[in-house]
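Chemist: I need the structure of the sequence given here:
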Amino acid sequence: MPAVQPQPFDRQCLRLVLVTDGRGDQVRLEAVVAAAVRGGVRCVQLREPHWSVRQQLHAAERLLPLLVPVGGLLLANDRVDLAAAGATHGVQIGHRSLPPELARGVLGPQRLLGYSAHDQGELDLAAAAGCDFALLSPVWATESKPGMPHLGEARAAVLTAHARLPVLWLGGITPMHAARIAALPAPHRPIGIAVRSALMAAQDPQFAAAALLAALGSGVADS
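Modeler: Predicted coordinates:
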């Protein structure tokens, strides 16, 4: 597998990020990603924690041809080694992963590094470690983690305004929420959103992706 060429950080690619749901169905995963890309998704986070590294590498080989032709990005979840080896454009890590400053040292400046944050301290940590962006969650209640406390729109907006790096929102986001995000003033508005069930569980992922992007409008990535 040839190494994926590094790409500069393009906020437009992160307007709508699809996070795979960990169900481990390769055929279904490819079908959903293909449809979501047709609907406008330009970044996919491969989050399949029960797969071996070899399985994730195979999945990356299958997903990249769907994303590269449209200028899209593929991120590995937690697997800094896959990104460093050039199997993906970058990696999404969190508090259980390799510390972000070490991950940045392994990846170098060219590969994208995202950090999953839940509070101000984690946002500050991500910025200090040189992460390209942070994924703030959960903003709203989410079906994937029932009963988990969520930040709420007001708190997430304050955290975003004080963050020292670009922020995406994750957690229970619907087209209605996306429209509310688009209406926020720029300091409080994320550069994009990440969704899991909204696309992975959608009957028509292409339509669902297009609806989310339409609700976001054109200005979100310029926050």
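
Chemist: which SS class is the closest residue in space to residue 49 that isn't next to it in sequence?
Modeler: Leaving aside its chain neighbours, residue 49 sits nearest to residue 22 (5.8 Å; criterion: CB to CB, 6 or more residues apart in numbering). For the C-beta atoms, the positions are set from N, CA and C on the backbone; glycine is no exception. Classification of residue 22 using DSSP: H, G, I helix; E, B strand; the rest coil returns coil.

Chemist: can you check residue 74 too?
Modeler: Classified using three-state DSSP, residue 74 is strand.

Chemist: what's the burial count for it?
Modeler: If you count neighbours by other CB atoms under 10 Å, residue 74 ends up with 24.

Chemist: quick one: the nearest residue to it once chain neighbours are set aside from residue 194, how far?
Modeler: Excluding its sequence neighbours, the residue lying closest to residue 74 (CB to CB, 6+ apart) is residue 88, at 4.7 Å. Distance of residue 88 to residue 194, given as CB to CB, to the nearest Å: 16 Å.

Chemist: Check residue 42 too.
Modeler: Taken as CB to CB, the span from residue 42 to residue 194 is 12 Å.

Chemist: Which of the two has more residues huddled nearby?
Modeler: The neighbour comparison of residue 42 against residue 194 (other CB under 10 Å) goes to residue 194, with 25 against 22.

Chemist: Tell me the buried residues in stretch 12-30?
Modeler: 13, 14, 15, 16, 17, 18, 19, 20, 21, 22, 29 (16 or more other CB atoms under 10 Å).

Chemist: can I get the residues you listed in CSV with secondary structure and distance to residue 163?
Modeler: Putting those into CSV (DSSP: H, G, I helix; E, B strand; the rest coil; distance: CB to CB, whole Å) gives the following:
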residue, secondary structure, distance to residue 163
13, helix, 19
14, helix, 14
15, coil, 17
16, strand, 19
17, strand, 17
18, strand, 23
19, strand, 20
20, coil, 25
21, coil, 26
22, coil, 27
29, helix, 31
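
Chemist: Distance to residue 187 and pLDDT added to the residues you listed, as CSV?
Modeler: Converted to CSV, those look like this (distance: CB to CB, whole Å; pLDDT from 0 to 100):
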residue, distance to residue 187, pLDDT
13, 22, 96
14, 18, 97
15, 18, 97
16, 21, 98
17, 21, 98
18, 27, 98
19, 25, 98
20, 31, 97
21, 32, 95
22, 34, 93
29, 36, 97
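
Chemist: what residues does the longest helix along the chain touch?
Modeler: Longest helix in the chain, counting residues (DSSP state H): helix 53-67. When contacts are defined by CB atoms under 8 Å, 6 or more residues apart in numbering, helix 53-67 is touched by residues 1, 4, 26, 29-30, 33-34, 37, 42-44, 46, 48, 51, 72-74, 76, 79, 81-82, 87-88.

Chemist: Go ahead and confirm residue 111 touches residue 83.
Modeler: Yes: using CB atoms under 8 Å, residue 111 is in contact with residue 83, at 5.0 Å.
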